[in-house]
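Enquirer: Sequence plus predicted model, see below.
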Amino acid sequence: MKAIIHRLKKIPLELVFWIGSILAILTIDPWGAQHFTLCPLENLGFDWCPGCGLGRSMNLLARGEFQASWDMHPLASLAYVVILSRIWNLINNLKATHNYG
């Protein structure tokens with residue numbers, strides 16, 4: 001049990017955050033009328049935000065609805081590339097420090 005706890009403490013919090021964000025994106029309803037938002041601009045009452053719709057667009061992209069994803073936000077594929085490459089780098093760093101440090 002102590003070995004498991006020791007290994008869990010070595011997992012970077014950023015890695016948990018990014019994996020959790022991908023899982024959260026995959027569970028949202030992109031066509032829902034009301035959705036929870038962390039967008040500060042929308043919460044302040046502004047109508048336009050450059051990032052709004054990105055999570056829903058990423059969900060549509062994961063479902064294979066490419067045109068609807070592009071129409072909602074054209075940078076969804078770039079966001080996937082950035083997030084997945086960061087997850088890949090964190091896992092590789094974790095492997096390197098586990099084996100050599």
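Expert: In hand now; what should we look at? Numbering: from 1, shown residues only.
Enquirer: in the protein, which helix has the most residues?
Expert: Assignment by DSSP state H gives helix 76-100 as the longest helix of the chain.
Enquirer: helices or strands up against that one?
Expert: When contacts are defined as 3 or more Cβ pairs under 8 Å, 6 or more residues apart in numbering; DSSP states H and E, helix 76-100 sits against helix 2-10, helix 13-27, helix 54-63. For every residue, glycine as well, the C-beta is placed using N, CA and C.
Enquirer: Return the set of buried residues in the longest one.
Expert: Yep, that's helix 13-27 we're talking about. Using 16 or more other Cβ atoms under 10 Å as the test for burial, helix 13-27 gives 15, 18, 22, 25.
Enquirer: For residue 56, state which of these is nearest.
Expert: If you rank the buried residues of helix 13-27 by distance to residue 56 using Cβ to Cβ, residue 25 comes first, at 8.5 Å.
Enquirer: Kindly provide the distance from residue 42 to residue 68.
Expert: 21 Å (Cβ to Cβ, to the nearest Å).
Enquirer: What part of the protein, helix or strand, is modelled with the least confidence?
Expert: One helix or strand of the chain scores below all others by mean pLDDT, DSSP states H and E: helix 2-10, with a mean of 78.
Enquirer: tell me which residues in that one are buried?
Expert: Using 16+ other Cβ under 10 Å, none of the residues of helix 2-10 count as buried.
Enquirer: Packing partners of that helix?
Expert: So helix 2-10, by 3+ Cβ pairs under 8 Å, 6+ apart, packs with helix 76-100.
Enquirer: Contacts for the helix it packs on, please.
Expert: Helix 76-100 has contacts (Cβ atoms under 8 Å, 6 or more residues apart in numbering) with 10-12, 14-15, 18-19, 21-22, 54, 57-58, 60-61, 69-70.
Enquirer: got the angle for that helix vs helix 54-63?
Expert: 80 degrees (axes from the mean of the first three to the mean of the last three Cα atoms, to 10 degrees).
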